[in-house]
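Colleague: Provided below are the primary sequence and the corresponding predicted coordinates.
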Amino acid sequence: MRFISAFCSLAVLAFAHTAHAQTISPVSFSPEFQVLVDEELGAREGVYLRETVTQRVAAALAQRGVTVGQSANVTIEISIIGADPNRPTMAQQSQNLGLDGLRSVSIGGAELQAVLRSSDGRVLSEVTHRRYDHSLADILGPPDTWQAARRAINQFARKVADAYVESAS
């Protein structure tokens, strides 16, 4: 599934064309979330979340005709402030044998932040987005590990792309 998502994102990027270019800086974690990744969620999950955010933001920008380039006019700095899985991660299951990867379900979501900077370092726009399930009833269908967080990431990506288009005009 990740392969198909990555392939679709690359295909969208390949066909996008515009005079404006942007660079997405490597996604960072808030200090608190970095501790959670290191001590509880697992490094593998941190890599997955970073890749997902980068791909979804790039795809949302490409849908608006914005290309990713090295000599960019705008740099997008993204930070994951926090994220909670709907199902336990592999690291959580290995630390707590009472968790069941299929039957253990919880509310999830994510909080993200982005700063769009011009090539001279000026802040053009700031975007924040927070979306967490309120209850288990918010979960659509049988959830996978990061279902609610991906929903938040998708919403965040659209907000970042909109902010980029608005700041470029």
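Modeller: In hand now; what should we look at? Numbers count the residues shown, from 1 in each chain.
Colleague: So which residue is dead centre in this protein?
Modeller: For the chain, the residue nearest the mean C-alpha position is Val53 (2.5 Å; Cα atoms, centre = their mean).
Colleague: Which residue ranges of the chain form strands?
Modeller: 21-24, 28-29, 67-68, 74-84, 109-118, 123-132 (DSSP state E).
Colleague: Confidence-wise, which of those is weakest overall?
Modeller: Of all these, the minimum mean pLDDT falls on strand 67-68 (a mean of 70).
Colleague: wouldn't Val115 be in contact with Val123 here?
Modeller: Yes. Val115 lies in contact with Val123 (Cβ atoms under 8 Å); the separation is 5.9 Å. No exception for glycine: its C-beta is placed from N, CA and C like everyone else's.
Colleague: If you count surrounding residues, which of the two has more?
Modeller: Neighbour comparison, Val115 and Val123: the larger count goes to Val115, with 17 against 11 (by other Cβ atoms under 10 Å).
Colleague: State the distance from that one to Val37.
Modeller: In this view, Val115 and Val37 are 21 Å apart by Cβ to Cβ, to the nearest Å.
Colleague: same question, Thr145
Modeller: In terms of Cβ to Cβ, Thr145 sits 14 Å off from Val37.
Colleague: Any chance you could list residues touching both of those two?
Modeller: Common contacts of Thr145 and Val37 (Cβ atoms under 8 Å, 6 or more residues apart in numbering): Glu45.
Colleague: Can you show me the helices along the chain?
Modeller: Taking DSSP state H as the criterion, the chain contains helices spanning 2-15, 31-36, 43-63, 90-95, 147-168.
Colleague: JSON lines please, covering these and showing mean pLDDT.
Modeller: Shown next, in JSON lines, are the helices of the chain (pLDDT from 0 to 100):
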{"stretch": "helix 2-15", "mean pLDDT": "39"}
{"stretch": "helix 31-36", "mean pLDDT": "97"}
{"stretch": "helix 43-63", "mean pLDDT": "96"}
{"stretch": "helix 90-95", "mean pLDDT": "92"}
{"stretch": "helix 147-168", "mean pLDDT": "94"}
